[in-house]
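Trainee: with the input below, show me the fold.
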Amino acid sequence: CRRLLLLQVGWRTTRKGERAPSRPAGKEERPLLYPTNPPIQAPSMAKHIFLTGPPGIGKTTLIQKTTEVLKSSAVPIDGFYTEEVREGGRRIGFDVVTLSGRRGVLSRIGSSPSVARHEYRVGQYVVDLASFEQLALPLLRHVDLDSSGVKKVCVIDEIGKMELFSQSFIQAVRQILSGSGTVILGTIPVPKGKPLGLVEEIRNSKEVKVFSITRENRDTVLQDVVTAVKNCLK
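Mentor: Okay, the predicted model is just below:
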């Protein structure tokens, strides 16, 4: 009788015994505003491979080893790496060395900063921007303009403070990153101080796989890097 009385006055019993207004006949339930299980998005395939880690950890050595393995597999590859220049056991600067063996000055220890002329400096090193651009830019532009249809690898070691003084270099790297015919095998520094725009773009890109090189993995990660590069070439 109690149930009949409640229905007559337009009320229904809730699961806790409370009364609530009855829903008019024929009225549909409102859908949930948020799905309980959001759709899962498949991860995008990496297009470029970068190594990162503190100075002296072995990034360039790993780049060189990876390059030799790829060459032995007949993978088209070009680019450059950075090499320390020492004199009497003391580091005096850095050179850029292409995979074909050409060498150019990247930086040298300079005297005190001069107000009389503009210098590109990183710490005690003065960057020879003209020398760097003369060697690096033709490589990057050539690999990007190659229309053979065969994917290739471009080594860029590294994209750091010294290299980023060159706006032409930044533009050339971005051009390759956004293209589809070239896989970059490069290195970037670990975050330190003021963020470097292009470096952070690369680090946070969904199209880039970044390997963090440590003393624990630097002797065992070679095959993983080689495999990742080859996957990008597919």
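Trainee: secondary structure element for the spatially most central residue of the chain?
Mentor: In the chain, the residue lying closest to the centroid (C-alpha atoms, centre = their mean) is Ile202, at 3.2 Å. Secondary structure assignment for Ile202, by DSSP states H and E: helix 197-204.
Trainee: ok, now Lys192?
Mentor: Using DSSP H and E, Lys192 falls outside every helix and strand.
Trainee: so where's the chain shaky on pLDDT?
Mentor: 1-44, 111-117, 144-148 (pLDDT under 70).
Trainee: how many other residues sit next to Lys71?
Mentor: 13 (other C-beta atoms under 10 Å). Just so you know, the C-beta spots here come from the backbone N, C-alpha and C atoms, and that holds for glycine as well.
Trainee: kindly apply the preceding question to Val229 instead.
Mentor: There are 24 residues near Val229, going by other C-beta under 10 Å.
Trainee: you'd agree it is in a helix?
Mentor: Yes. Under DSSP: H, G, I helix; E, B strand; the rest coil, Val229 sits within a helix.
Trainee: that one - nearest residue in space that isn't next to it in sequence?
Mentor: Ile49 (5.2 Å; C-beta to C-beta, 6 or more residues apart in numbering).
Trainee: tell me the SS of that neighbour?
Mentor: From three-state DSSP, the assignment for Ile49 is strand.
Trainee: pull the longest strand belonging to the chain out as PDB, backbone CA atoms only.
Mentor: Criterion DSSP state E: the longest strand present in the chain is strand 77-87. C-alpha atoms of strand 77-87 as PDB (Å, rounded to 0.1, in the frame of the first residue of the first chain):
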ATOM      1  CA  ILE A  77      74.900   8.500 -44.000                       C
ATOM      2  CA  ASP A  78      76.600  11.900 -43.900                       C
ATOM      3  CA  GLY A  79      77.100  14.600 -41.300                       C
ATOM      4  CA  PHE A  80      79.600  15.800 -38.700                       C
ATOM      5  CA  TYR A  81      80.700  15.300 -35.100                       C
ATOM      6  CA  THR A  82      82.500  17.500 -32.700                       C
ATOM      7  CA  GLU A  83      86.000  16.600 -31.500                       C
ATOM      8  CA  GLU A  84      88.100  18.100 -28.700                       C
ATOM      9  CA  VAL A  85      91.400  19.700 -29.700                       C
ATOM     10  CA  ARG A  86      94.200  19.300 -27.100                       C
ATOM     11  CA  GLU A  87      97.600  20.800 -26.900                       C
END
